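Q: starting from these lines, generate the structure:
(2 chains)
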Number of protein chains: 2
Amino acid sequence: MRPHLSILALLVLFGLSPLQSFGLSSRHPCLTLTAEDAALIRENLGKYPLFDAAYQAAVTRVETALKNPIDVPQPKDAAGYTHERHKRNYLEMHAAGFLYQVTGDARYSAFVKAQLDRYAELYPTLGRHPAANKQAYGRIFWQSLNETVWLVHVAQAYDCVYDTLAPADRGRYEKNIFRPMADFLVNTQIEEFDRIHNHGTWTATAVGMIGYVMGDEKLVRQALRGSKMDGEFGYLRQIDLLFSPDGFYCEGPYYARYALMPFFLFAQVIDNNQPEMKIFEYRGGLLGKALDATLQQSWTGGAFLPINDALKEKTYHTAEMVLGVNLTYARLGHDARLLSIAREQGTVSLGAAGLEVARAIAIATGPLPAYPLHSVELSDGPDGKSGGLALLRFGPNPAKDSLAALKYTAFGMEHGHYDKLQFIYYDNGREIIPDYGAARYLNVDQKFGGRYLPENKTYAKQTVAHNTLVVDETTQYGGSYATAENEHADRHYFDAGDPDFQVASARDTAAYPGVAMQRTTAMVRDARLDYPIVVDVLRAVSGKKHRYDLPFHYEGTFLAINAELARNTTALAPLGKKHGYQHLWLEGSGETSGPVRFTWMNGSRFYTLHAAAGASTRLLFTLAGANDPNFNLRPERALILRRDAAEGGTVFTSVIEPHGDWNGTTEVTYGGTPVIEEVRVLAATDEGTVIRVTGKNKLALTLMFSNRTGDDAQAAHTLVAGEETFTWKGNAAIRR
Amino acid sequence: MRPHLSILALLVLFGLSPLQSFGLSSRHPCLTLTAEDAALIRENLGKYPLFDAAYQAAVTRVETALKNPIDVPQPKDAAGYTHERHKRNYLEMHAAGFLYQVTGDARYSAFVKAQLDRYAELYPTLGRHPAANKQAYGRIFWQSLNETVWLVHVAQAYDCVYDTLAPADRGRYEKNIFRPMADFLVNTQIEEFDRIHNHGTWTATAVGMIGYVMGDEKLVRQALRGSKMDGEFGYLRQIDLLFSPDGFYCEGPYYARYALMPFFLFAQVIDNNQPEMKIFEYRGGLLGKALDATLQQSWTGGAFLPINDALKEKTYHTAEMVLGVNLTYARLGHDARLLSIAREQGTVSLGAAGLEVARAIAIATGPLPAYPLHSVELSDGPDGKSGGLALLRFGPNPAKDSLAALKYTAFGMEHGHYDKLQFIYYDNGREIIPDYGAARYLNVDQKFGGRYLPENKTYAKQTVAHNTLVVDETTQYGGSYATAENEHADRHYFDAGDPDFQVASARDTAAYPGVAMQRTTAMVRDARLDYPIVVDVLRAVSGKKHRYDLPFHYEGTFLAINAELARNTTALAPLGKKHGYQHLWLEGSGETSGPVRFTWMNGSRFYTLHAAAGASTRLLFTLAGANDPNFNLRPERALILRRDAAEGGTVFTSVIEPHGDWNGTTEVTYGGTPVIEEVRVLAATDEGTVIRVTGKNKLALTLMFSNRTGDDAQAAHTLVAGEETFTWKGNAAIRR
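A: Sure thing, here's the model as predicted:
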């Protein structure tokens, strides 16, 4: 990733407060909670249900802990008892510290002290964690990342009980735990600390927090500006480089969620200690934009689009997103639309911001305004020029209805997937053309200790695991991370102004050297169709012969295809030997030169993929699970369209039509066969692509997409196809 | 099924009103709605939200229909447009007739007349439906069953507008439609009419309804007592023979739901016309017991246990169950606990009973009492002596928490499965050890016209598709329906008095001649375990050598097994050639003589199957989907325990332990490894089986089950095993 500095960042880094003496406060608590916050909370207990519930959960957690013996075990496993126990300990200490501040109850401060006493004994004895692997190791936990999370929580607990401790105790904790741990994180694990990456943000936050508590200005400076304090690394640099100007986080929403936690936590700490830095306004209010961009990348139920390494169970209900929503509301303008997300989250963060949100929800009269999930293009890269992600939505309830995504971002660091021009499609609250996400069962010890599984690399990251073009049965960039990390796809155009005809288009020339790919995705609504359809044109241009595979991974039940299939009913073999193909059982295959019509059902709705006739096309039906000795892959199915194309290239033109309704309760079913009868490519040149979609009820749509370089809403296009001449203005047009 | 007559039935059939002149009323409407009902509804519109919503749905349905042209198409398909259109027509006519009675609006009666005019033209031209197959054919629909449903609705519509029609029109409808249709149903399709089966009930109801409307006493008598009016068939005989004294419907809950519709509809009609028959009190209030038994066989979300041919999407939210709940409430004692089911159903039936329920819910103060779903044994057979179904439940919310079922019913007519001693297990709102249900996609034209798929017979009905013993890789009864239909398994004992130790036991000797099987299932709660466990002992005794396969179909993700598995990672082949084995891909296999510990996860919970050490056991991991050319089977997995046993037989002893919690949102996980460490069979003789379960936290349970014939709560048992002597009283006992 190329370095980049915003003007504001330059001002801050070279002119303003961070370089001057901080005049660190000696008041405690000073991190995420202040004495004023604690007083406010004390006064408002019992008034606002959401806050009271969060408070009560903390009370229950700590009271339960108080009834049981403290256990600070010798670290052993990466996802078993000792791992979970140390996590529980920091959560309990954090809650106890908070409760001490609110209630003044000495049982709570004594609990934190008792734990710290045990850690002060244990920590000096620890070396490298026994379950550490090649990731940066920790001492209490298998990886240093978990250690930073421990410190983020325990620094707050320590801060909360600081004034209750004898100086000798404080000295012992700082000598035995906090200073060596900070030293370990800054110096031993310097590659994690001086790193533009969420690990770097977590580490900076942990180190910065304990620095503020201990009044150690150097640690704070290092947290903000990197180990050398020169601004090349550290928290501020992370804000500059990890997000696009739109707030898109370079790893995608799954890790955005994770990274937002330290970003927001430390912003709050900085704001409480150095309000003159105006950290929430930094880079044009970047943190608020990042929260919005992450919310935009969610669908029904608040689940995030599982691009790159991502676990599908993550939603905006996680604690990180709760904190982000609460702090954005409290410190960035009190946007009432955030309250509807907060209410869906069903909880608030334990602090002044959470109290404010709970209060606002409790006193609201009338329905809360919905959070505006809408069609949007999110740019990628610190300067917004490393491609992006297009989201096309339709429906009265945009979290539930159609969402088509086209991905043309940069690689997204080591959790990236080889998925340039990936297409994902949700409808009716379900995954229809899904992204596999990551092969990982987080915190499940039997599954490789909860780490990423080997199949994550051999399958989930590979191009064929996605819904994008595979050239010559090889993964993009030859599967080379070193190459991929420096490349990105490019936006072509995006226009969602007309909700009935929204278009996104992107290009890539680097994933397969010598093959130029363009993908154009449109969401089209027409009164003669039950639901919006998705038009998808993937054009590959090359001077050489290639084999092109375009997979559509589909969720649901196969119903019918208009081609003779040879089904492998008595023996299955993998489709290939490498690049992910080794994991696909070939369940059946066919061949056609005519149009393809494949219908499946998912939930209460039918779906038909209409692929326009083209060169002779092989149809490969696959099931994931081959070469998977430990049952690590989900048995998911795909239809792969395969063409061996001569010099010149090929165009895959598809329309995905949701249709009808199937109701198992009432047994009333309609529309099981599609309305669309034919999808034809009338022209596909460097000037443009013209597609005609015809069907029942006199459906006749003509779609025109520009293939010219660049985004030009004024360009006039003319294309002759047979006896028809097509003219249109702008990037794309539709005639009905 | 052997004939059976209850004493009450005898009295009714040979002594009382059905044989005397009915004195049929000439008032209309006289079926499910009376003039008094209509007036009551008119007066109460706008008062009770649930009823208003149902009423408004009818208004919307009919007003929409009024805006569109009437279409009475030439019958063509079995699940396509013409099928659905004729269904829509009868629903629209039914609603319009109802609305005419309530509002007096002549547009509604005119709509019914206009439809009847069209059917009066069409019906006389119709022969055998073109999509009819070997099932009893219809004319408007592919099977006569749908035709009876049409008549049930249209008879009501005709009844509602009867008084608005000129005698000539009535004469024409009766001559062209109703008399020939009744004649067709009673005489041409006499095998459906004179049949102890839900088809017979539907047909009797249709014929009886139109008989009442037309004042045709003979049709009513035939409906009540069969075509010969001798009581051998007909509605009353169906009540006698299709249900057990507990209300268990012989086909299981899926078809019970379907059958309850005509049972309740016609009961209401009879009650409105011949209250002296006290039809709701018939056979000890059988209809109310049938409703309760059907509700008992539901789990989370109201879904029915999918035993026999059953589609899993069926819940107690269907219109049939709404009607059953409403009528049971209104005419069988106003049990307030039914109201909580009605509220969950979220709708009421369109009539006086629905109004009553909606009113009761609207005026209720305080929370509605929960419907008591509880552990229960339901007997099968008209005399309750053809085996049964045991349901063991545990949890504060019995619809959501553990439910273990042991099935030892009769076969259940032609929709029965070869699944004697089948075991099914739900937990935490999910299917854990599921029943496959039927292979069918109802109303999906592409899936064999929505009919039962070929794989229903070749897989879903076969023994290996279930969680019960397969002997010598063959299906029970050799797969012979003729044999199976005359056999049933037998209850042994059932005791759910202690919620912490509930036991059911059953035997079968007929499914595999020469092999006596006994299965004992216990639900055991212990404070040292996270959740109740299920203990399952399947004992097979035989004088010959046999191969015994015990499948556990499991839902969820494989985590670990304590045996070396040879995984078929590069080629898959079916496990066998017939009896369902041809549909199972063999994904992996292993062998052990020691205990088996297999862990998987499902949703937020972990599950471990602990199988006690026994003879050398092969472990076969399978995936459904081989020999399935049209992708008709769901890709579901199973672990099959296989033993080749010498003379004498074998015992499979398993404990299913749910444990821990996995939370993807909070990332807090615990208890991923089981608490139980060992399950041992200490003794297994004709006297009894003794099992010891030991584990962490000093868990030590000793379970003693009687293997003696008969249910004897007083019997004293003594068993010596090694140096220990076990004595207990009754069928089963536990020492902790």
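
Q: confidence-wise, which helix or strand of chain A is lowest on average?
A: None of the helices or strands of chain A scores lower by mean pLDDT, DSSP states H and E than helix A:7-14, at a mean of 43.

Q: what's the next secondary structure element after that one?
A: helix A:35-44 (DSSP states H and E).

Q: and the stretch 51-200 of chain A, which residues reach chain B?
A: A:79-80, A:84, A:87-88 (Cβ under 8 Å from any Cβ of the partner chain). The C-beta positions use only the backbone N, C-alpha and C, and glycine is treated the same way.

Q: got CSV for those, with secondary structure and pLDDT too?
A: Shown next, in CSV, are these (DSSP: H, G, I helix; E, B strand; the rest coil; pLDDT from 0 to 100):
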residue, secondary structure, pLDDT
A:79, coil, 80
A:80, coil, 84
A:84, helix, 90
A:87, helix, 95
A:88, helix, 95
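
Q: sort out which of those residues are buried, if you could.
A: Neighbour counting by 16 or more other Cβ atoms under 10 Å in any protein chain shown classes A:79-80, A:84, A:87 among these as buried.

Q: what two of those residues have the greatest distance between them?
A: Across those, no pair lies farther apart than A:80 and A:87, at 11.4 Å, counting by Cβ to Cβ.

Q: just to be sure, residue A:64 is in a helix?
A: Yes: per DSSP: H, G, I helix; E, B strand; the rest coil, residue A:64 lies within a helix segment.

Q: residues near it, how many?
A: Neighbours of residue A:64 under the rule other Cβ atoms under 10 Å in any protein chain shown: 10.

Q: how far away is it from chain B?
A: Here residue A:64 is placed at a distance of 13 Å from chain B (Cβ to the nearest Cβ, to the nearest Å).

Q: and the pLDDT for that residue?
A: What the model reports as pLDDT for residue A:64 is 97.

Q: related to what we said a few turns ago, and which of the residues of the stretch 51-200 of chain A next to chain B is nearest to residue A:53?
A: Distances from residue A:53 to these, taken by Cβ to Cβ, are shortest for residue A:88, at 20.2 Å.

Q: ok, that closest one to residue A:62 distance?
A: In this structure, residue A:88 and residue A:62 are 11 Å apart, going by Cβ to Cβ, to the nearest Å.

Q: likewise residue A:127?
A: Residue A:127 is 31 Å from residue A:62, by Cβ to Cβ.

Q: more neighbours, the two?
A: residue A:62 (25 against 9).

Q: what's near enough to touch that one?
A: A:92, A:95-96, A:99, A:108, A:111 (Cβ atoms under 8 Å, 6 or more residues apart in numbering or on different chains).

Q: for the one residue sitting closest to the centre of chain A, give me its contacts.
A: Nearest to the geometric centre of chain A sits residue A:253, at 1.7 Å (Cα atoms, centre = their mean). By Cβ under 8 Å, 6+ apart, the contact list for residue A:253 reads A:294, A:297-298, A:304-305, A:307, A:310.

Q: quick check: pLDDT value at it.
A: 97.

Q: likewise for residue A:19?
A: Taking residue A:19 on its own, its pLDDT is 38.

Q: got it, and residue A:696?
A: According to the prediction, residue A:696 has pLDDT 96.

Q: pull the number of nearby residues for the closest residue to it other than its chain neighbours.
A: Distances taken as Cβ to Cβ, 6 or more residues apart in numbering or on different chains put residue A:675 closest to residue A:696, at 4.9 Å, once the chain neighbours are dropped. Applying other Cβ under 10 Å, we find 20 residues neighbouring residue A:675.

Q: go on, residue A:215?
A: Neighbours of residue A:215 (other Cβ under 10 Å): 14.

Q: excluding its backbone neighbours, what's nearest it?
A: The shortest distance from residue A:215 to any non-neighbouring residue, by Cβ to Cβ, 6+ apart, is to residue A:24 (4.9 Å).

Q: and whichever strand or helix holds residue A:156 with helix A:35-44, angle?
A: According to DSSP H and E, residue A:156 maps onto helix A:144-161. On the basis of axes from the mean of the first three to the mean of the last three Cα atoms, to 10 degrees, helix A:144-161 is oriented at 70 degrees to helix A:35-44.

Q: roughly how far out does helix A:144-161 sit from the chain middle?
A: 25 Å (Cα atoms, centre = their mean, to the nearest Å).

Q: could you point out which element follows it?
A: helix A:167-173.

Q: who touches that next one?
A: Contacts of helix A:167-173 from elsewhere in the structure, counted by Cβ under 8 Å, 6+ apart, are A:113, A:116, A:119-120, A:158, A:162, A:165.

Q: which residues are in contact with residue A:700?
A: A:692-694, A:736.

Q: so which of the residues you listed sit within strands?
A: Under the assignment DSSP state E, the contacts of residue A:700 contribute A:692-694 to strands.

Q: follow-up on the earlier one: now, which of the contacts of helix A:167-173 sits nearest residue A:143?
A: residue A:119 (18.2 Å).

Q: contacts for the one helix or strand that closest one maps to?
A: If you go by DSSP H and E, residue A:119 is part of helix A:106-122. Residues from elsewhere that reach helix A:106-122, judged by Cβ under 8 Å, 6+ apart: A:62, A:65-66, A:70, A:72, A:74, A:89, A:92-93, A:96-97, A:99-100, A:140, A:154, A:157-158, A:160-161, A:164-165, A:169, A:172-173, A:176-177.

Q: much appreciated, bye for now.
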